[in-house]
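Asks: sequence and computational prediction follow.
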Amino acid sequence: MKTHAEVPVDQQSFRASMGAVATPVSIVTTSIHAPHGTTVSAFASLSLDPPMVLVSLQNDSDLLGLISQSGRFGLNVLAFDQAGIASTFAKRGLDRFEGVDWVLDQGVPRIAGIASWAACRVVDLIPGGDHTIVTGLVEGADSADVAGLVYQHRRFGHFTPVEPAA
């Protein structure tokens, strides 16, 4: 007999639970003969010494194969006014970069107007269910003084500072 702890939660409950967590919206990019990228909300800083980040990509993602091949990726953390770009890069089967202002920076596509940027070299690919965790050594980074785009309860928004109670 399985105890409650041994039975995985159903996908709908898990999705609802994770949807309550506000996450930064980013576009992970790479370049092999052309720019490639996809929208992700699963990324995090991993280490300060050395500087590292991690991103989570679906195992069947074309981008995962391209990043494995190139050994590099860019992390474009979107600004609060870039929800349209996030939606475009979440779709499959189209030229996601069409009409998007970007440059090649340190070998990977960098989207204009973003809140934060990191150029990374792949360190490891770690299987995790239906996704693969890609860890990257940050070889270049900067940021703008602009609110980042977040995703919560299936809606885009942005962070608003709250003064602590006295």
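Replies: That came in fine, so what should we check first? Numbers count the residues shown, from 1 in each chain.
Asks: list the contacts for Val134?
Replies: Leu54, Val55, Ser56, Leu57, Leu64, Ile67, Phe73, Val122, Asp124, Leu125, Ile126 (Cβ atoms under 8 Å, 6 or more residues apart in numbering). No exception for glycine: its C-beta is placed from N, CA and C like everyone else's.
Asks: and it, what are its phi and psi?
Replies: Phi and psi for Val134, reported as degrees, to the nearest 10, are phi -110, psi 120.
Asks: for the closest residue to Leu125 other than its chain neighbours, helix, strand, or coil?
Replies: Excluding its sequence neighbours, the residue lying closest to Leu125 (Cβ to Cβ, 6 or more residues apart in numbering) is Thr132, at 5.4 Å. The three-state label given to Thr132 by DSSP: H, G, I helix; E, B strand; the rest coil is strand.
Asks: residues near Thr132, how many?
Replies: When counting by other Cβ atoms under 10 Å, one arrives at 19 neighbours for Thr132.
Asks: contacting residues for the residue positioned nearest the centre of the chain?
Replies: The C-alpha lying nearest the average C-alpha coordinate of the chain belongs to Val40 (Cα atoms, centre = their mean; 3.5 Å). By Cβ under 8 Å, 6+ apart, the contact set of Val40 is Val25, Ser26, Ile27, Val28, Val55, Ser56, Leu57.
Asks: what helix or strand does the nearest residue to Leu64 once chain neighbours are set aside sit in?
Replies: Leaving aside its sequence neighbours, Leu64 sits nearest to Leu57 (Cβ to Cβ, 6+ apart; 4.4 Å). Take DSSP states H and E as the rule and Leu57 turns out to sit in strand 51-58.
Asks: starting from that strand, tell me which strands it pairs with and how they run.
Replies: strand 43-48 (antiparallel), strand 131-143 (antiparallel) (DSSP bridges).
Asks: would a markdown table of those strands with distance to Asp81 and mean pLDDT be doable?
Replies: Listed next are these as a markdown table, based on distance: least, Cβ to Cβ, whole Å; pLDDT from 0 to 100:
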| stretch | distance to Asp81 | mean pLDDT |
| --- | --- | --- |
| strand 43-48 | 20 | 94 |
| strand 131-143 | 16 | 97 |
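Asks: so, low pLDDT: which residues of this structure?
Replies: Scanning the chain for pLDDT under 70 picks out the ranges 1-7, 14-22.
Asks: 80 instead?
Replies: Within the chain, the stretches with pLDDT under 80 are 1-23, 93-94, 152, 166.
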